[in-house]
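Trainee: pasted the sequence and its predicted model underneath.
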Number of protein chains: 2
Amino acid sequence: MSASPRKVTTVSKSEARARNRRGEGTQLRADIVAAARELIEETGDPGAVTLRAVARRVGIAAPSIYAHFADTEQILRAVIEEVFDEFLEHLASARVGIEDPRTRLMATCEAYLSYGAEHPALYTLMMGPNPSRHHTADAADGQDPDPRLREDGEGVDRLVGAESFALLIDDVTAAAAAGASRTDDPFMTATALWVGLHGLVRLRADAPQFPLPDQALLDRAVLEPIAQLTPPTA
Amino acid sequence: MSASPRKVTTVSKSEARARNRRGEGTQLRADIVAAARELIEETGDPGAVTLRAVARRVGIAAPSIYAHFADTEQILRAVIEEVFDEFLEHLASARVGIEDPRTRLMATCEAYLSYGAEHPALYTLMMGPNPSRHHTADAADGQDPDPRLREDGEGVDRLVGAESFALLIDDVTAAAAAGASRTDDPFMTATALWVGLHGLVRLRADAPQFPLPDQALLDRAVLEPIAQLTPPTA
DNA sequence: ACTCGTAAGTTTACGTCTGTTACGTTACGC
DNA sequence: GCGTAACGTAACAGACGTAAACTTACGAGT
């Protein structure tokens, strides 16, 4: 139960770290990404992700990171990809199994907002200006809901959440088809909804001390008019 | 036309700087703030504002800053205050002289968006999480449009743009009174509009590579439904 | 069973940038 | 002429990225 006898300058966790086995060098890579993620969540600042800080937390020496990442930017990119997958999963699992288009659209929006509220720093990192492009998105896989979605070969980068945004488009399109929304341009409406969702998340994260109205009421005041929802049971 | 003969490590501007006169020590303070602002605008990162970087740009020695600011956070606060004033002025000058409530509301929104588009880094700094509170806002100056606006003595910090937000509330209230908006809760609608404006600015700054729809069309798709505007000439 | 190549890290160290303290210097203006 | 406002110089300690060399120990091959 006693702390480690070693004296530590700042914060350090697991002092004891067993060296990985022969083929499991990749395990350290995952630990590095996890440590970087923790640093971002705790400090709220991606700038806190430094080679030495990550190394301290993982329990390794700083140069050991070079075996897996060329620099801190690569680490951040790995975190971003992980968060994007997690965010997409969060949205998808909230939507699955809901047939009613209106309820499903609202569920997607709620999931979007809840993720942003629970992981403000990760959301900011994910949606913020990316370090740069990386792998080209795997090309055409089928029908396209709107030609504007994939301008050119690499216009829609995965990093801006194209898959997640596709869920929104899907929901809005379904709502329009079912008469739950009066929109005549699902892509435009979905984009506008994205703006509203992004604004809600960012404003709550950016100005927490500002006396905003009740959360649910403000959400409705922003999202319902944008979605052009028809009266509930009309 | 030739560059300065001195060799410089990074970027440095005015090498020559004349010492201020006797009573004009305050001039340096303004120069420091201006340099910090430039650094933020050029790099997009408030972290680039370091005592030494500011000193280099101003053309002074780093310790000379201590006479005017205790640390970098104080400098950032000064920049934030300057930007807030500028932002408020930008909105106010765009609104002034417009009598028609609908046109005036739209003008305010356009000014909001244009400032955000032209000064993305400063907007982010201004609207982002503030370093902390500072001077208490000067107390009650007259009627209050909504009791929620000033929760307690210091609830509405000036740093979150209360004055600018007041303009929005004013416009929405006037629009509602004139029948240009169908809202029955101007404060809620103004807040929702703020969310939409913030979302538009932030999304364009955060994901510039994403193929967003035409700017004017997206603006309308977001703002008009939130504002609950009545048909133009009905 | 014993080697030994090599995966998986560590140690050490250099150079840069940072904040910050202590002290020295210039020159305006009464 | 001289006090003091308005700076500059020198130097420290800490954090950072990164290169080079060293160490440990797993596990395949004989």
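Mentor: It's in.
Trainee: what's the longest helix anywhere in chain A in contact with?
Mentor: In chain A, assigned by DSSP state H, the helix with the most residues is helix A:72-95. Helix A:72-95 is contacted from outside by A:29, A:32-33, A:36-37, A:40, A:46, A:49-51, A:54, A:65, A:69, A:104, A:107-108, A:110-112, A:114-115, A:119, A:122-123, A:125-126, A:130-132, A:134, A:158-159, A:161, A:163-164, A:167, A:171, using C-beta atoms under 8 Å, 6 or more residues apart in numbering or on different chains. Quick note: C-beta positions are derived from backbone N, CA and C, even for glycine.
Trainee: also near chain B: which of the residues you listed, exactly?
Mentor: Among the contacts of helix A:72-95, the residues that sit close to chain B (C-beta under 8 Å from any C-beta of the partner chain) are residue A:130.
Trainee: buried subset of the contacts of helix A:72-95?
Mentor: A:32-33, A:36-37, A:40, A:46, A:49, A:51, A:54, A:65, A:69, A:104, A:107-108, A:110-112, A:115, A:119, A:122-123, A:125-126, A:130, A:158-159, A:161, A:164, A:167, A:171 (16 or more other C-beta atoms under 10 Å in any protein chain shown).
Trainee: same for whichever helix or strand comes after the longest helix of chain A, what does it pack against?
Mentor: Per DSSP states H and E, the first helix or strand lying C-terminal to helix A:72-95 is helix A:101-118. Secondary-structure packing of helix A:101-118 (3 or more C-beta pairs under 8 Å, 6 or more residues apart in numbering or on different chains; DSSP states H and E): helix A:72-95, helix A:162-177, helix A:186-206, helix A:215-227.
Trainee: and the shortest one with helix B:186-206, angle?
Mentor: Yep, that's helix A:215-227 we're talking about. On the basis of axes from the mean of the first three to the mean of the last three C-alpha atoms, to 10 degrees, helix A:215-227 is oriented at 70 degrees to helix B:186-206.
Trainee: please apply the same query to the third one.
Mentor: Between helix A:186-206 and helix B:186-206, the angle comes out at 100 degrees (the same axes, to 10 degrees).
Trainee: just the angle for helix A:186-206 relative to helix A:101-118, thanks.
Mentor: Using the same axes, to 10 degrees, helix A:186-206 lies at 30 degrees relative to helix A:101-118.
Trainee: which strands and helices sit next to helix A:186-206?
Mentor: Packed next to helix A:186-206, using 3+ C-beta pairs under 8 Å, 6+ apart, are helix A:101-118, helix A:120-127, helix A:162-177, helix A:215-227, helix B:186-206, helix B:215-227.
Trainee: can you tell me which of those helices is packed in deepest?
Mentor: Among the helices and strands packed on helix A:186-206, helix B:186-206 has the highest mean neighbour count (mean count of other C-beta atoms under 10 Å in any protein chain shown), at a mean of 24.
Trainee: now do it: distance to the chain's middle.
Mentor: 14 Å (C-alpha atoms, centre = their mean, to the nearest Å).
Trainee: and it, what's its mean pLDDT?
Mentor: The average pLDDT within helix B:186-206 is 98.
Trainee: could you list the low-pLDDT ranges of chain A?
Mentor: A:1-16, A:23-25, A:131-160, A:233-234 (pLDDT under 70).
Trainee: residue of it closest to chain B, please.
Mentor: Evaluated by C-beta to the nearest C-beta, chain A has residue A:199 as its residue closest to chain B, separated by 2.6 Å.
Trainee: got the contact list for that residue?
Mentor: Contacts of residue A:199 by C-beta under 8 Å, 6+ apart are A:222, B:194-200, B:202-203.
Trainee: separation between the closest residue in space to it that isn't next to it in sequence and residue B:124?
Mentor: Of all residues not flanking residue A:199 in the chain, residue B:199 sits nearest, at 2.6 Å (C-beta to C-beta, 6 or more residues apart in numbering or on different chains). Relative to residue B:124, residue B:199 is positioned 14 Å away (C-beta to C-beta, to the nearest Å).
Trainee: residue A:71 too?
Mentor: 24 Å.
Trainee: on that earlier part again, wondering if the longest helix of chain A reaches DNA strand D at all.
Mentor: Yes: against DNA strand D, helix A:72-95 shows contacts by C-beta under 7 Å from any atom of the strand at residue A:72.
Trainee: near DNA strand C at all, that helix?
Mentor: No: legend: contact between helix A:72-95 and DNA strand C by C-beta under 7 Å from any atom of the strand is lacking; minimum distance shown is 13.8 Å.
Trainee: buried stuff in that helix?
Mentor: A:72, A:75-84, A:87-88, A:90-91, A:94-95.
Trainee: so how far is that helix off the chain centroid?
Mentor: Taking mean C-alpha positions (C-alpha atoms, centre = their mean), helix A:72-95 and its chain are 5 Å apart.
Trainee: circling back: can you narrow the buried ones among the contacts of helix A:72-95 down to the ones near DNA strand D?
Mentor: residue A:51.
Trainee: one step back: columns distance to residue B:176 on top of the helices and strands packed on helix A:101-118, output as CSV?
Mentor: Shown next, in CSV, are the helices and strands packed on helix A:101-118 (distance: least, C-beta to C-beta, whole Å):
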stretch, distance to residue B:176
helix A:72-95, 35
helix A:162-177, 28
helix A:186-206, 21
helix A:215-227, 14
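Trainee: residue B:217: which of the ones you listed is closest?
Mentor: helix A:186-206 (6.7 Å; C-beta to C-beta).
Trainee: now the closest one against helix A:162-177, angle please.
Mentor: 120 degrees.
Trainee: for chain A, which residues are neighbours of DNA strand C?
Mentor: Residues of chain A lying near DNA strand C (C-beta under 7 Å from any atom of the strand): A:17, A:19-28, A:59-64, A:67.
Trainee: mind giving me the PyMOL select for these, buried ones only?
Mentor: Selection of buried members from the residues of chain A next to DNA strand C for PyMOL, criterion 16+ other C-beta under 10 Å:
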select buried, chain A and resi 28+60
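Trainee: returning to that earlier point: would a markdown table of the contacts of residue A:199 with distance to residue A:188 be doable?
Mentor: Shown next, in a markdown table, are the contacts of residue A:199 (distance: C-beta to C-beta, whole Å):
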| residue | distance to residue A:188 |
| --- | --- |
| A:222 | 16 |
| B:194 | 21 |
| B:195 | 18 |
| B:196 | 14 |
| B:197 | 18 |
| B:198 | 19 |
| B:199 | 15 |
| B:200 | 13 |
| B:202 | 19 |
| B:203 | 14 |
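Trainee: nearest to DNA strand D, of these?
Mentor: Taking C-beta to the nearest atom of the strand as the measure, DNA strand D lies nearest residue B:202 of the contacts of residue A:199, at 27.1 Å.
Trainee: hang on, isn't the closest one packed against residue A:202?
Mentor: Yes: assessed by C-beta atoms under 8 Å, residue B:202 is found in contact with residue A:202 at 5.1 Å.
Trainee: please report phi then psi for residue A:211.
Mentor: phi -70, psi 80 (degrees, to the nearest 10).
Trainee: quick one: neighbours of it, just the number.
Mentor: Look at residue A:211: counted by other C-beta atoms under 10 Å in any protein chain shown, it has 16 neighbours.
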